[in-house]
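Asks: show me the folded form of this:
(2 chains)
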Amino acid sequence: MIAVRGLAHRYGAAEALRLPEWKVAQGERWLVLGPSGCGKTTLLHILAGLVRPSEGQVEVAGESLLKLEGARLDRWRATTVGIVLQALHLVKHLSVRDNLRLAQYLAKTPQDDARIDDTLGALGVGGKSARRPSELSQGEQQRVAIARAVVNRPKLVLADEPTANLDDASAATVVDLLSEQAARHGATLVVATHDARVKGKFRERLEL
Amino acid sequence: MNLATLSASYLRARPLNTALSVILLALGVATIVLLLLVVGQAEERMHRDARGIDLVVGAKGSPMQLMLAGIYHLDAPTGNIPLASAQALAKNRFIKKAIPLALGDSWKGHRIVGADKAYADHYGAELREGRFYQKPMEAVLGAEVAVRTGVGVGATFKGAHGLGGEGDEHEDAYTVVGVLANSNSVIDRLVLTSIESVWEIHEEHKQARDEAREVTVVLVQYASPLAAATLPRQINSQSELQAASPAYETARLFSIVGVGIDALRGFAAVLILAAGLSVFIALYSALEERRYELAVMRTLGASPGKLFGLLIGEAFVLSLLGVVLGLLLGHGLASVLGAWLERQQHYPVSGLEWRPEELWVAGIALGVGVVAAIVPAWRAYRTDVSRTLAQG
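Replies: The predicted model follows:
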């Protein structure tokens, strides 16, 4: 599913990331661990095709990312990768339902209300579809964010510090939900975190 | 969901900024539309009323005043001229048609014009009911006068001295013998009677004899274009007469009023540019706050072009709202102004008429709004997704 070889990335002269070799099989769940500034976010952005690495080969879902460019790369990202970020990244002026619709619209897939309801329901926020993000608790917002990441049934779900702003109970639930949703859609899951509370959750770990 | 609904939902979430841009643009568009309607309709109306009249001959004074009083019945006349001079004009070989008018009285603010039937015929005014006057002290009402006063055939009324409706009433009463159909000309606002009626009424004061009889103006149509070269000079050389060319005087009037119109037009252009600036500032200043949201859209698969389109779309929706509101406002104001002018007995203005130039105004206003969005849209296009997300 993911094959990384000889990967390195620099911002100016500063090395942000070095990862000689990493392989992830379809359906696996990984934690990427390490302190702040170790390159976790950079790695996720490279895997999502948001950043082009300075060196190395990256293959995701059978595509070599160095060969994809421009609109093709955007389209590939829309249909293949679901991304969950730290809290507060829902589009504020859109309702919960429209945040999910936005993902379908931007991926140019049919705008399917039944699927949106189904996805929200599976994450326990089915009753909130008409609400604005600001009317939800942080835990609920993160559930909606997960729903938005998986509504297009991506092959790969990336989560960057998904528990950063959450209390203990919500943090555990969010990781469980991510795991559950990835399994439900047969997606591979990569969670980057430095949160001690979730370190024991998955067997596969990458220390940076 | 599509680009339009996405743009609209963003604008709805920022009602104050949106309202400011929309209102500025609407005011600019409305001002220009109002000018187009008022000036355009006034010009049309003035040309229609002056149609077929090449020269207005009257007493010496301001030629513009003579034209305004003689053709449009807006200003006070310059004075009277001897009937003999008017009759001499009619015999001039350069003149095809000479219509003498006797002015001076009014009824409820409507001018009473002494003229023979040729005056009504000149404007193609036809009787709606009754008959034309045959004897002194019989009168025919213009269509608007009949509507406004609610008076019909058989009624009697007394004229007042002067044109403002404030003068003393004359003793003798006119009898309405006919009402004219709408002719869409100045006639609609007038009360017509025979020249003899006007003389008869005023002779009580002046004890005038036949040889002292006077008329106020003579409307003249040339027999040939050649007349334009000689006739005005020939008339102006007579001590008591003056000739004014409506074509020349209207052009002069519009060039005088034109300064004011240009100033208003400039003001409207400033409003539209300010609206453009407001669109620019609204979108540009919001970029900082929206950086993260735009980056998130990129993670969801939006191409940079999509973000560019989104901001242009927002500006387009804003401008479209402004233009539509401005057109409605412009026509609404024209209707209000029209209703007010009608009460003031001036030229009617209609808000229900559309002018082709409005399409230009709409196009330019839309263009200004969209151009104002190009720089913010370009910055959105250039959003560095990874860096923005990393900064949180």
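Asks: right, and the helix or strand after the helix or strand B:Ser278 falls within?
Replies: Taking DSSP states H and E as the criterion, B:Ser278 maps to helix B:246-299. Tracing the chain past helix B:246-299, the next element assigned as helix or strand by DSSP H and E is helix B:304-343.
Asks: what residues of that following helix count as buried?
Replies: The neighbour-count check on helix B:304-343 (16 or more other CB atoms under 10 Å in any protein chain shown) flags B:304, B:306-323, B:325-327, B:329-331, B:333-334, B:338, B:341 as buried. In short, each C-beta sits where N, CA and C put it, glycine included.
Asks: how far away from the center of its chain is it?
Replies: Helix B:304-343 sits 22 Å away from the centroid of its parent chain (CA atoms, centre = their mean, to the nearest Å).
Asks: could I get the contacting residues of the residue of chain A found nearest chain B?
Replies: Chain B sits closest to A:Ala78 of chain A, with a gap of 2.2 Å, by CB to the nearest CB. Contact partners of A:Ala78, counting by CB atoms under 8 Å, 6 or more residues apart in numbering or on different chains, are A:Ala103, A:Leu106, A:Ala107, A:Lys108, A:Asn152, B:Leu300, B:Gly301, B:Ala302.
Asks: for the chain, what spans make up the helices?
Replies: Answering for chain A, as no chain was given. Listed in chain order, the helices of chain A (DSSP state H) span A:40-47, A:70-80, A:96-106, A:113-122, A:138-150, A:168-184.
Asks: you answered for a different chain; I wanted chain B.
Replies: For chain B, applying DSSP H gives helices covering B:3-12, B:15-49, B:63-70, B:83-90, B:117-122, B:143-149, B:195-206, B:227-236, B:246-299, B:304-343, B:357-372, B:374-381, B:385-391.
Asks: packing partners for the last one?
Replies: The elements that helix B:385-391 packs onto, with contact taken as 3 or more CB pairs under 8 Å, 6 or more residues apart in numbering or on different chains; DSSP states H and E, are helix A:40-47, helix B:246-299.
Asks: and those as JSON lines, adding distance to A:Ala8?
Replies: Converted to JSON lines, these look like this (distance: least, CB to CB, whole Å):
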{"stretch": "helix A:40-47", "distance to A:Ala8": "10"}
{"stretch": "helix B:246-299", "distance to A:Ala8": "23"}
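Asks: can you list the low-confidence ranges for the chain?
Replies: As the question left the chain open, I've gone with chain A. Along chain A, the model assigns pLDDT under 70 to residues A:87-88.
Asks: wrong one, chain B
Replies: In chain B, residues with pLDDT under 70: B:164-166, B:204-211, B:345-347, B:392.
Asks: so which bits of it are right by chain A?
Replies: Proximity of chain B to chain A, by CB under 8 Å from any CB of the partner chain, involves residues B:1-2, B:6, B:9-10, B:12-14, B:292-293, B:296-303, B:305-306, B:385-386, B:389-390, B:392.
Asks: repeat that with 6 Å
Replies: B:1, B:9-10, B:13, B:293, B:296, B:299-303, B:385-386, B:390 (CB under 6 Å from any CB of the partner chain).
Asks: what's the most buried one of the helices and strands packed on helix B:385-391?
Replies: Among the helices and strands packed on helix B:385-391, judged by mean count of other CB atoms under 10 Å in any protein chain shown, the one packed with the most neighbours on average is helix A:40-47 (a mean of 25).
Asks: list buried residues within the residues of chain B next to chain A.
Replies: Of these, these count as buried by 16+ other CB under 10 Å: B:1, B:9-10, B:293, B:296, B:299-303, B:385-386, B:390.
Asks: going by distance to B:Leu231, which of these wins?
Replies: B:Tyr10 (68.9 Å; CB to CB).
Asks: quick check: chain neighbours aside, which residue is closest to the closest one?
Replies: Residue nearest to B:Tyr10 in three dimensions, not counting chain neighbours: A:His93, with 5.4 Å by CB to CB, 6 or more residues apart in numbering or on different chains.
Asks: surely that neighbour meets B:Ala8?
Replies: No - counting by CB atoms under 6 Å, B:Ala8 is not a contact partner of A:His93; they are 10.1 Å apart.
Asks: for the residue lying closest to B:Ala125 once chain neighbours are set aside, grab the count of nearby residues.
Replies: With sequence-adjacent residues excluded and distances taken as CB to CB, 6+ apart, B:Ala125 is closest to B:Ser183, at 3.9 Å. Counted with other CB atoms under 10 Å in any protein chain shown, residues neighbouring B:Ser183 total 17.
Asks: next one: B:Gly150
Replies: Each residue near B:Gly150 was counted by other CB under 10 Å, and the total is 7.
Asks: how about CSV for the contacts of A:Ala78, with distance to B:Gly109 added?
Replies: CSV is the format used below for the contacts of A:Ala78 (distance: CB to CB, whole Å):
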residue, distance to B:Gly109
A:Ala103, 70
A:Leu106, 67
A:Ala107, 72
A:Lys108, 69
A:Asn152, 75
B:Leu300, 70
B:Gly301, 72
B:Ala302, 67
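Asks: return the member of the residues you listed nearest to B:Ile71.
Replies: Comparing these against B:Ile71 with CB to CB places B:Ala302 closest, at 65.4 Å.
Asks: what distance do you get for the nearest residue to the closest one once chain neighbours are set aside to B:Phe280?
Replies: Nearest in space to B:Ala302, with sequence neighbours left out and distances taken as CB to CB, 6+ apart, is A:Leu106 at 4.7 Å. Going from A:Leu106 to B:Phe280 by CB to CB, to the nearest Å gives 26 Å.
Asks: span of stretch A:194-208 from start to end?
Replies: End-to-end distance for stretch A:194-208, by CA to CA, to the nearest Å: 11 Å.
Asks: any residues touching it, and which ones?
Replies: A:28-35, A:38-39, A:163, A:171, A:175 (CB atoms under 6 Å, 6 or more residues apart in numbering or on different chains).
Asks: give the contact list for the residue in the stretch 1-150 of chain B that chain A sits nearest to.
Replies: In the stretch 1-150 of chain B, no residue comes nearer to chain A than B:Ala13, which is 3.3 Å away by CB to the nearest CB. By CB under 6 Å, 6+ apart, the contact list for B:Ala13 reads A:His93.
Asks: that older thread, could you dump the helices of chain B into JSON lines with distance to A:Lys128 added?
Replies: Formatted as JSON lines, the helices of chain B follow (distance: least, CB to CB, whole Å):
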{"stretch": "helix B:3-12", "distance to A:Lys128": "18"}
{"stretch": "helix B:15-49", "distance to A:Lys128": "24"}
{"stretch": "helix B:63-70", "distance to A:Lys128": "72"}
{"stretch": "helix B:83-90", "distance to A:Lys128": "89"}
{"stretch": "helix B:117-122", "distance to A:Lys128": "77"}
{"stretch": "helix B:143-149", "distance to A:Lys128": "63"}
{"stretch": "helix B:195-206", "distance to A:Lys128": "85"}
{"stretch": "helix B:227-236", "distance to A:Lys128": "83"}
{"stretch": "helix B:246-299", "distance to A:Lys128": "19"}
{"stretch": "helix B:304-343", "distance to A:Lys128": "25"}
{"stretch": "helix B:357-372", "distance to A:Lys128": "36"}
{"stretch": "helix B:374-381", "distance to A:Lys128": "29"}
{"stretch": "helix B:385-391", "distance to A:Lys128": "25"}
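Asks: how about these, which one is nearest A:Val190?
Replies: Among those, the nearest to A:Val190 by CB to CB is helix B:246-299 (14.4 Å).
Asks: so which elements touch the closest one?
Replies: helix B:15-49, helix B:63-70, helix B:304-343, helix B:357-372, helix B:374-381, helix B:385-391 (3 or more CB pairs under 6 Å, 6 or more residues apart in numbering or on different chains; DSSP states H and E).
Asks: export those helices to TSV and tack on distance to A:Arg143?
Replies: TSV is the format used below for the helices and strands packed on helix B:246-299 (distance: least, CB to CB, whole Å):
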stretch	distance to A:Arg143
helix B:15-49	29
helix B:63-70	78
helix B:304-343	26
helix B:357-372	39
helix B:374-381	29
helix B:385-391	20
